[in-house]
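**Student:** pasting a predicted model and its sequence here:
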Amino acid sequence: MQKILQSLQLSLLNIGYAHLTTNWNYDNVISPFTRLYYITKGNAKVYHSKKEFELKPDHMYLIPSYIYSRYTCDSNHEQYYISFFEEVKNGMSIFNLAPFIYEIKATPIDLQYFKRLLEINPNRALVNDDPEVYDNRPTLLNFKKKNEQLSSAHYMETNGILRILLSRFMNEKSDVNMKIHTISDISQTISYISENLHKEITVSELASFCHLSTDHFSRVFKRQFGMRPNFYMQSKRVERAQLLLLTTHHSLQQIAEKVGLENLSYFSRVFKKHAGKTPGNFRKQQMKV
């Protein structure tokens, strides 16, 4: 696991402090980045991972990337918030490879980390808390430029704070030995999928990496990731397509080819199956400013 974590890359998008009211009420939020909240006052709720989380003061909350979520606030609440990109080797997500919890009791030093991150990254706050505004292509295109403008010291400190805060959510009580053993068996297939999403990939081809039969590999894969290999590959193609729709000017046909679904009609069907809307509608909605 340590070798995997050594390749972890974190890139800050936004950091700020928000006073939120009943307008903070959004459904069907699926973003290509991860969120962290530190709640200071009030009450609100977040729904994801088949669970309701009541946002309580002096607690921190994690919402992984590409996960369906929705937010509600009946009166008001205040929060520090962070959004960032994360990936490990070959474009994989750390959330696929390590166990995480999503709610923890904060410590005084956690609050100082949020404050310090805000101090060294000024002017990174969201100007509008509506996901349809901040999950848009211009915003995501600008984050790299802002990170490059940081001094070397502040860039390293920003990355270090993000790592510390994310580490607080790692689930040390889970069966880590089983997880690591499983990862060692199929990590080659995950890397291969990530590197070859633009190509046709068969389950038997993946099973050969593990020297397993196709059926046995499929069962092991589902036990690890909660889904069959074909569904996983589809979900990864759609995730990459979402990111390309948000951060490039590529046509739908070009994006379909880059994620290994060259038939535009089939690409649209697969995309809608996983994202709930067509690629064209997804891009149009996210471009609303």
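**Tutor:** Received the coordinates, thanks. This is a predicted model, so every value here is computed, not measured. Numbers count the residues shown, from 1 in each chain.
**Student:** alpha carbons only for contacts and neighbour counts from here, please
**Tutor:** Noted.
**Student:** which parts of the protein are strands?
**Tutor:** Assigned by DSSP state E, the chain shows strands spanning 9-21, 26-29, 34-42, 44-48, 51-55, 59-63, 69-72, 76-87, 103-105.
**Student:** just give me the neighbour total for the residue lying closest to residue 262 once chain neighbours are set aside.
**Tutor:** Closest residue to residue 262 apart from its sequence neighbours, by Cα to Cα, 6 or more residues apart in numbering: residue 256 at 5.2 Å. A count of nearby residues for residue 256, using other Cα atoms under 10 Å, gives 26.
**Student:** same check on residue 202?
**Tutor:** When neighbours are counted by other Cα under 10 Å, residue 202 registers 13.
**Student:** state the distance from it to residue 250.
**Tutor:** 27 Å (Cα to Cα, to the nearest Å).
**Student:** cool, and residue 153?
**Tutor:** Look at residue 153 and residue 250: by Cα to Cα, they are 35 Å apart.
**Student:** likewise for residue 101?
**Tutor:** Distance, residue 101 to residue 250, using Cα to Cα: 36 Å.
**Student:** need the contact list for the most far-flung residue of the chain relative to its centre.
**Tutor:** Within the chain, the residue lying farthest from the chain centre (Cα atoms, centre = their mean) is residue 213, at 31.6 Å. Contacts of residue 213 were listed using Cα atoms under 8 Å, 6 or more residues apart in numbering, and they are 204, 207.
**Student:** hmm, try it at 7 Å
**Tutor:** Residues counted as contacts of residue 213 (Cα atoms under 7 Å, 6 or more residues apart in numbering) are residue 207.
**Student:** residue 153 and residue 250: which is more packed in?
**Tutor:** More crowded of residue 153 and residue 250, by other Cα under 10 Å: residue 250, with 13 against 9.
**Student:** I'd guessed residue 52 sits against residue 46; true?
**Tutor:** Yes. Using Cα atoms under 7 Å, residue 52 is in contact with residue 46, at 6.0 Å.
**Student:** which one of these two is surrounded by more residues?
**Tutor:** Just comparing residue 52 and residue 46: by other Cα under 10 Å the higher neighbour count belongs to residue 46, 19 against 13.
**Student:** distance check, the spatially closest residue to that one that is not a sequence neighbour against residue 30.
**Tutor:** Closest residue to residue 46 apart from its sequence neighbours, by Cα to Cα, 6+ apart: residue 71 at 4.6 Å. Look at residue 71 and residue 30: by Cα to Cα, they are 12 Å apart.
**Student:** tell me the contacts of the spatially most central residue of the chain?
**Tutor:** By Cα atoms, centre = their mean, the chain has its centre lying nearest to residue 65, at 1.6 Å. Contact analysis of residue 65 by Cα under 7 Å, 6+ apart lists 31, 32, 33, 34.
**Student:** go ahead and confirm residue 73 touches residue 44.
**Tutor:** Yes. Here residue 73 lies in contact with residue 44, judged by Cα under 7 Å, at a distance of 4.4 Å.
**Student:** so between these two, which is more surrounded?
**Tutor:** Between residue 73 and residue 44, residue 44 has the larger neighbour count (other Cα under 10 Å), namely 24 against 20.
**Student:** poorly predicted segments of the stretch 151-289 of the chain, please.
**Tutor:** Regions of the stretch 151-289 of the chain meeting the criterion pLDDT under 70 cover residues 172-185, 187-188, 287-289.
**Student:** all helices of it, in order?
**Tutor:** Here the stretch 151-289 of the chain has its helices, by DSSP state H, counting those that start in this stretch, at 152-167, 176-195, 203-209, 214-225, 229-247, 252-258, 264-275, 279-286.
**Student:** which helices and strands does the last one pack with?
**Tutor:** So that's helix 279-286. When contacts are defined as 3 or more Cα pairs under 7 Å, 6 or more residues apart in numbering; DSSP states H and E, helix 279-286 packs onto helix 131-134.
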